[in-house]
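> Generate coordinates for the sequence data below:
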Amino acid sequence: MQTTQSKPEFVIGQARPDQIAHLTGLEQLNAMLAGALPAPSMAETLNFVISRVAEGEAEFRGTPTGAFLNPMGIVHGGWIMTLLDSALGCAVHTTIAPGESYVSLDTDVKFVKAITPASGEIIVTAKVQTRGRQIATSEGRAVDSSGRVLALGTSSCLIRPAAS
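Numbering: from 1, shown residues only. Below you'll find the model as predicted:
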């Protein structure tokens, strides 16, 4: 896996189709990690980044803040679901060829422990479990800095031609 030593600084935006049409999914994500392609704006909004990728694998890191609390005073489940969905999808993204794209068909998340801003940095890792011509599945987990499992997730993605 490619590893970053500190939180990478990303340019936020949207890659143009001509910037990525000739790249594999893994090349696209490595270019994002290197700052050559922009990261999606939602990562900035939700305070998380992609931190490592390899063929069939992706890792994200995020830090929950008080901005993500639900009425019970814990981090809203949608925040960790978004991190899991991002890692699960990007694990599949690493397997696409130039000219391919994907879209999530479903994502399932199981909450294991409550997350609060005191949980600190959350690490979400995902791996592709199956990759067919049209369907890929992945599974992942979210852990705190002590390695305690906070949430588990799975996803199915439809592989399709990239929009031009």
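> Quick check, pLDDT for Ala36.
pLDDT, Ala36: 93.
> change the start of the numbering to 52 and stick with it
Yes, from this point I'll number from 52; that puts the last item at Ala87.
> how many other residues sit next to it?
Applying other Cβ atoms under 10 Å, we find 13 residues neighbouring Ala87. Using the backbone N, CA and C atoms, a C-beta is placed for each residue, glycine as well.
> Tell me, what's the model's pLDDT at Pro91?
Predicted confidence (pLDDT) for Pro91: 89.
> One more: Ser215?
62.
> tell me the helices in this protein, going along the chain?
Here the chain has its helices, by DSSP state H, at 68-71, 76-84, 92-96, 128-144.
> Can I get the ones you listed in TSV including distance to Val179 and mean neighbour count?
Formatted as TSV, these follow (distance: least, Cβ to Cβ, whole Å; neighbours: other Cβ atoms under 10 Å):
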stretch	distance to Val179	mean neighbour count
helix 68-71	20	12
helix 76-84	11	20
helix 92-96	21	13
helix 128-144	5	24
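> And the ones you listed: which comes nearest Val104?
When these are compared by Cβ to Cβ, helix 76-84 sits nearest Val104, at 4.5 Å.
> Quick one: residues in contact with that closest one.
53, 55, 59, 61, 66, 71, 74, 88-90, 101-106, 109, 141, 143-148, 151 (Cβ atoms under 8 Å, 6 or more residues apart in numbering).
> quick one on the thing from earlier: okay, the helices of the chain in CSV with distance to Ile186 next?
Formatted as CSV, the helices of the chain follow (distance: least, Cβ to Cβ, whole Å):
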stretch, distance to Ile186
helix 68-71, 22
helix 76-84, 15
helix 92-96, 25
helix 128-144, 10
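> if we can go back for a sec, sort out which of the contacts of helix 76-84 are buried, if you could.
Using 16 or more other Cβ atoms under 10 Å as the burial test, the contacts of helix 76-84 include 61, 66, 71, 74, 88-90, 101-105, 109, 141, 143-147 as buried.
> related to what we said a few turns ago, out of the helices of the chain, flag the one nearest Val160.
When the helices of the chain are compared (using Cβ to Cβ), the closest one is helix 128-144, at 4.9 Å.
> How far away from the center of its chain is that closest one?
4 Å (Cα atoms, centre = their mean, to the nearest Å).
> Next, the angle helix 76-84 makes with that helix.
On the basis of axes from the mean of the first three to the mean of the last three Cα atoms, to 10 degrees, helix 128-144 is oriented at 130 degrees to helix 76-84.
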